[in-house]
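Trainee: Using only what follows, build the 3D model:
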Amino acid sequence: MNQKIEKVKKETSPKRKVFFNFIMAFIIGGIICIIGELFTMLFIKLKVEKDIANIYSVIVMVFLGSLTTGLGLYDKLGQIAGCGTIIPITGFANSMTSSALESKSEGVILGIINNMFKLAGSVIVAGVVSGVVVGAIRYLLGI
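Mentor: Down below sits the predicted model:
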C-alpha cells in the first residue's frame, strides 16, 4: 500500500527545477548586492568617507527592502529568486517588515514591536555569539 502511494506521489508531484532555482538565486541575490555597492560608490563620489558610505548604503538597502515589502514586491521577487533574497541585508528588512505588517492588528506594542523583536532577537544573539567566538579564535591565534 505504501509503495503504491509513493509511486503515485512520485508520478504526480511536479519536478523541482533545482538548477534554474540556483541560477535565479545567484542572479537576483547578486543584483541586490550590486545595487548596494552602487549606493556605496555613489556616496563615495559625494565625498563621504568609505566607512560612513558603507553605513549609508546599508541604511538605504534596509529602507528599500522594507519599502518593497510594504508594497508587496519583495515577496514576488522572493518567489522567483528563492534564497537569493534572504541573504542580503534586504532579506532581514523584509523579515522585520513582514512580521510587523502581519501583526499590526494586535496593536503597536503587543503586536508590531513584540513580533519584530522576536525575530530580531535571534538574529542579534546569533551575531553577538558568532562575533565572540571569532574574536576568541583570533585572540588565541594572535591574528
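Trainee: mind checking pLDDT for residue 123?
Mentor: For residue 123, the model assigns a pLDDT of 68.
Trainee: cool, and residue 23?
Mentor: On pLDDT, residue 23 comes in at 92.
Trainee: Name the next helix or strand following whichever strand or helix holds it along the chain.
Mentor: Using DSSP states H and E, residue 23 sits within helix 18-45. Counting by DSSP H and E, the next helix or strand C-terminal to helix 18-45 is helix 50-70.
Trainee: For that next one, list every residue counted as buried.
Mentor: Buried residues in helix 50-70, defined by neighbour count with 16 or more other Cβ atoms under 10 Å: 53-54, 56-58, 60-62, 64-66, 68-69. Yep, even glycine has a C-beta here, placed from its N, CA and C like the rest.
Trainee: Which elements pack onto the helix or strand following that helix?
Mentor: Remark: after helix 50-70, the chain's next helix or strand is helix 73-81, criterion DSSP H and E. In terms of contacts (3 or more Cβ pairs under 8 Å, 6 or more residues apart in numbering; DSSP states H and E), helix 73-81 is packed against helix 18-45, helix 50-70, helix 89-102.
Trainee: quick one: average pLDDT of helix 73-81?
Mentor: 88.
Trainee: Would you point out which residue is most central in the protein?
Mentor: The centroid of the chain falls nearest to residue 91 when counting by Cα atoms, centre = their mean (1.8 Å).
Trainee: just checking, that residue touches residue 65?
Mentor: Yes. Under the criterion of Cβ atoms under 8 Å, residue 91 is in contact with residue 65, at a separation of 7.1 Å.
Trainee: contacting residues for residue 63?
Mentor: With contact set as Cβ atoms under 8 Å, 6 or more residues apart in numbering, residue 63 has these partners: residue 93.
Trainee: So for it, what's the pLDDT?
Mentor: At residue 63, pLDDT is 92.
Trainee: quick one: terminal-to-terminal distance for stretch 80-95?
Mentor: Stretch 80-95 has an end-to-end distance of 17 Å (Cα to Cα, to the nearest Å).
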